[in-house]
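J.: I need the structure of the sequence given here:
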Amino acid sequence: MSAPELLVILGPTASGKTAAGVSVAKALNGEIISADSRQIYRGMDLGTGKDLEEYGDVPYHLIDIAPAGYKYNLYEYLRDCETAMADIRSRGRLPMLVGGTGLYIESVLKGLRLPEVPENRTLREELASHTLPELKAMLEGMKRLHNSTDVDTAQRAIRAIEIETYYLEHPDMAEQARPHPVENALVVGLDISREDRRRKISSRLQARLDGGMVEEVRALLDSGIPADDLIYYGLEYKYLTLHVTGQLDYAQMKEQLEIAIHQFAKRQMTWFRGMERRGFNIHWLPYDMPYNEMADAIRQLAARM
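T.: Numbers count the residues shown, from 1 in each chain. Okay, the predicted model is just below:
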């Protein structure tokens with residue numbers, strides 16, 4: 001097999017990315033870099049589907065690297081992912097980006113670079129009195145907004161304005177931030193029907209609830225993490241926190257959470273289809289393909305690159 005610079009295995013939630021990634025990594029001398037925006041956090045295990053027992057002796061990266069309650073961002077992810085890829089390649093192994101966070105995956109493939117920008121206290125003071133809609137309007141006047149994370153809080157919007165202001169004042173740094181796309185990446189998607197996806201989401205949710213997901217969230221809250229910080233992470237942590245704090249009963253929590261996960265999976269597929277429209281070639285393989293056949297199919301795809 002000709003070796004790609006990076007192998008990506010993506011797919012919606014419940015499509016079996018971890019198991020597929022581990023099996024392919026064993027076959028192709030790979031190491032896995034998580035492309036899941038919530039597996040980064042320690043103690044958030046059942047709700048994020050880390051399934052660490054599945055990895056066996058396959059090395060993994062960018063899992064359990066930040067405390068629960070922290071708000072890890074795209075700059076940090078790109079920095080840490082680049083470090084992990086260089087480390088893996090230095091040992092003659094194949095970096096494999098495995099997950100379903102489209103923003104992270106697309107940003108890595110684009111070679112997006114976000115140089116560290118120092119704090120501008122004067123600017124922050126000037127912006128402190130502005131509302132979030134005002135800050136969003138300012139930022140839209142400076143750049144095209146590619147995602148909502150820049151403007152989900154006033155603090156993040158101010159930081160985004162601070163970064164764009166720095167680039168305007170330091171065009172050399174703006175040049176360093178210019179994307180350098182990964183030239184030799186192989187992107188594989190796990191193709192799962194809507195019906196199978198919905199069935200697997202429902203059965204997996206019940207298994208995680210039976211496995212202690214409510215207790216996991218209760219333990220996080222008992223450790224001192226504010227409820228709002230867990231709600232910020234969305235999906236399981238939002239609805240389970242609302243249940244544990246008495247705002248939803250168990251049946252309401254389960255029903256609303258299941259609907260939200262189905263909607264999330266649909267948004268993931270919308271992002272991946274958007275990637276294809278934006279020029280990324282995703283090779284879709286059946287999610288239930290035997291893993292030895294999947295590894296062979298990936299070898300054949302790599303040979304044609």
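
J.: going forward, measure contacts between C-alpha atoms and count neighbours the same way
T.: Fine.

J.: under the pLDDT cut-off, which ranges of the stretch 101-250 of the chain? List them.
T.: Across the stretch 101-250 of the chain, the ranges flagged by pLDDT under 70 are 146-150, 175-176.

J.: may I have the secondary structure class of the residue lying closest to residue 298 once chain neighbours are set aside?
T.: Counting by Cα to Cα, 6 or more residues apart in numbering, residue 188 is the residue found nearest to residue 298 once chain neighbours are left out, at 7.9 Å. Here residue 188 is recorded as strand under DSSP: H, G, I helix; E, B strand; the rest coil.

J.: can you pull out the strands in the stretch 101-250 of the chain?
T.: 185-191 (DSSP state E, counting those that start in this stretch).

J.: for it, what spans make up the helices?
T.: Secondary structure of the stretch 101-250 of the chain by DSSP state H, counting those that start in this stretch: the helices cover 102-110, 121-127, 132-140, 154-169, 171-176, 194-210, 213-222, 227-232, 235-244, 250-277.

J.: still on that earlier bit, show me what contacts the residue nearest to residue 298?
T.: Counting by Cα atoms under 8 Å, 6 or more residues apart in numbering, residue 188 touches 7, 8, 9, 10, 282, 283, 284, 285, 298.

J.: can you count the residues close to residue 135?
T.: Neighbour count of residue 135, defined by other Cα atoms under 10 Å: 23.

J.: now swap in residue 126 and tell me
T.: By other Cα under 10 Å, the residues close to residue 126 number 10.

J.: so how far is residue 113 from it?
T.: 27 Å (Cα to Cα, to the nearest Å).

J.: quick one: list the elements packing against the helix or strand harbouring residue 299.
T.: Assigned by DSSP states H and E, residue 299 falls within helix 291-303. Here helix 291-303 touches helix 17-28, strand 185-191, going by 3 or more Cα pairs under 8 Å, 6 or more residues apart in numbering; DSSP states H and E.

J.: how many neighbours does residue 65 have?
T.: 13.

J.: quick one, what contacts it?
T.: 40, 41, 42.

J.: nearest to residue 59, out of those: which one, please.
T.: The shortest approach to residue 59 among these belongs to residue 40, at 15.2 Å (Cα to Cα).

J.: so the closest one touches residue 60, yeah?
T.: No. Contact between residue 40 and residue 60 fails when scored by Cα atoms under 8 Å: they sit 11.5 Å apart.

J.: which one's more surrounded, these two?
T.: residue 40 (24 against 20).

J.: ok, residue 166 to residue 124 distance?
T.: For residue 166 relative to residue 124 (Cα to Cα), the value is 12 Å.

J.: cool, and residue 163?
T.: Counting by Cα to Cα - residue 163 and residue 124 are separated by 11 Å.
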